[in-house]
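Visitor: My questions concern the predicted model and sequence given below.
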Amino acid sequence: MDIRQLRTFSCVAELGSLSKASDTLRVAQPALSRQIKLLEHELRAELFTRNGRGMVLTDAGRLLLARTAGIVRQIDQVRDEIQSAGGPPSGRVVLGLVPTVSYVISARLARRTVDTYPGISLCIVESYSGHLTEWLHRGEMDLALIYGPSSDLHLAVQSLGRDPIVAVGPRGSGLSKKKQVDIGWLLKQRLVLPSHSHGLRALIEQAAAKKKLKLDVKLEADSFRVLTSLVEEGLGYTLLPPSSVRQEVASGRLEMAAISKPSPMRELTLASPIDHPGSTAIALVSELLRDELIACREEGLWDIRLA
C-alpha cells in the first residue's frame with residue numbers, strides 16, 4: 001500500500017463515486033480505478049461493491065477506512081504545514097458541531113474563517129455528540145464542539161462553558177407568559193425528544209428519575225429540525241438551549257420559558273483526538289471558534305455561561 005492508493009480509496013469511500021472522486025482529486029477515472037484494483041489485489045479482498053448507484057464499501061473496505069483514514073489525514077496535514085511554513089496558513093480542517101450549536105454558529109464561523117484565513121479549507125460536519133466522538137476517535141475529524149460531560153471520552157478536551165436548557169412549546173401553549181416553569185410540571189407533559197442514544201435525552205431522563213416520574217414520549221426525532229417542527233405543529237413540548245430556537249420564538253412560531261432551579265445545564269466541550277499532533281490551521285480555527293462563542297454571547301445570541 002502507498003499513500004496515493006490510500007488517499008484515492010479514502011476519497012472514493014467518502015464520495016461513493018469514482019467520477020466524483022476524479023473531479024475532487026483531478027485524476028482521470030481509469031487511473032483511480034487502477035489504484036483501487038491494485039489495492040484490492042494487494043489486500044486480497046474486495047473493498048467496494050459496484051452498482052448502478054456508485055461504490056459501496058464492503059466489510060473489508062469499512063475496516064480499511066477505519067484503520068487508515070486518520071493516517072491519511074495526518075499525512076495531508078504534514079504536507080500542508082510544510083507548504084505553508086513561512087507563509088499564510090493553509091490546510092483542511094474538519095470541524096464537528098452538534099445541531100443546536102451549528103444552528104447558531106456555523107455560518108458566522110465559516111465567514112470569519114474565509115475572511116481571516118482564506119488559505120484554510122473548513123469542512124463543517126453536523127451530527128450528535130455520539131457520532132462526533134466516534135469520528136474523532138477514528139481520526140476522521142480534527143475538532144468537535146460537543147456536549148459533555150467531558151470525562152471518560154478518551155479525547156483531549158477543554159470545557160468552554162455551560163448551556164442552559166429551557167422549556168419549548170408550540171404557539172398558544174402559554175409558555176411565553178410564564179417567567180419560569182417547574183421541571184416536574186414539564187416532565188408530565190407530552191414530550192417530543194431525541195432517541196435514547198443522545199445526550200439530551202439522557203439528561204432529561206435523569207431529571208425525571210430524580211422526580212420519580214415516567215416520561216410521556218409519543219414522538220422521537222434525531223433531527224433538530226424535525227424536533228422543532230413537531231413541537232411547532234403542537235404535538236408536544238421539548239427541552240432545548242434557548243439560542244437554538246431564538247428566531248422561532250421571536251417570530252411567534254414557538255414559545256419558551258426558563259426552568260425553575262435547579263434547572264438543567266449542559267457542558268459544552270471542545271474535543272480533539274489525543275494522538276492527533278494538530279496543525280497550525282487547526283489551532284487557528286480553534287481560536288476563531290472561541291472568539292465566535294464570545295461574540296455570540298456579547299451580542300445576546302447565545303446564553304452560554306463561558307468557562
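Guide: That came through fine.

Visitor: Might you list the low-confidence residue ranges for the stretch 201-307 of the chain?
Guide: Applying pLDDT under 70 to the stretch 201-307 of the chain flags residues 277.

Visitor: Go again with 90.
Guide: 201-218, 221-225, 243-244, 260-268, 273-281, 297-307 (pLDDT under 90).

Visitor: Strands along that one, start to end?
Guide: Assigned by DSSP state E, counting those that start in this stretch, the strands in the stretch 201-307 of the chain fall at 216-220, 238-240, 254-259, 265-272, 305-306.

Visitor: who's in contact with the last one?
Guide: Residues outside strand 305-306 that contact it (Cβ atoms under 8 Å, 6 or more residues apart in numbering) are 160, 161, 162, 163, 164, 265, 293, 294, 297. All C-beta spots, glycine's among them, are computed from the backbone N, C-alpha and C.

Visitor: Adjacent strands (with direction) for that strand?
Guide: strand 156-164 (antiparallel) (DSSP bridges).

Visitor: Just the CA atoms of the one helix or strand residue 113 maps to, as CSV, please.
Guide: Per DSSP states H and E: residue 113 is located in helix 99-116. Only the C-alpha atoms of helix 99-116 are listed here, as CSV (Å, rounded to 0.1, in the frame of the first residue of the first chain):
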residue,chain,number,x,y,z
PRO,A,99,-27.0,20.6,15.6
THR,A,100,-28.1,23.2,18.2
VAL,A,101,-24.7,24.8,18.2
SER,A,102,-24.4,24.6,14.4
TYR,A,103,-27.6,26.4,14.0
VAL,A,104,-26.2,29.4,15.9
ILE,A,105,-22.5,29.5,14.9
SER,A,106,-21.7,27.6,11.6
ALA,A,107,-22.4,30.4,9.1
ARG,A,108,-20.7,33.0,11.3
LEU,A,109,-17.6,30.8,11.9
ALA,A,110,-17.4,30.0,8.2
ARG,A,111,-17.5,33.7,7.3
ARG,A,112,-14.9,34.5,9.9
THR,A,113,-12.6,31.7,8.6
VAL,A,114,-12.9,32.8,5.0
ASP,A,115,-12.2,36.4,5.8
THR,A,116,-9.4,35.8,8.2
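
Visitor: Give me the next element, helix or strand, following that helix.
Guide: Assigned by DSSP H and E, the successor of helix 99-116 is strand 120-126.

Visitor: So what are the sheet partners of that following strand and their directions?
Guide: Counting by DSSP bridges, strand 120-126 is paired with strand 91-97 (parallel).

Visitor: So what touches the partner strand?
Guide: By Cβ under 8 Å, 6+ apart, strand 91-97 touches 73, 76-77, 80-81, 84, 105-106, 109, 119-127, 132, 135-136, 140-146, 279-282, 285, 289.

Visitor: Brilliant, that's me finished.
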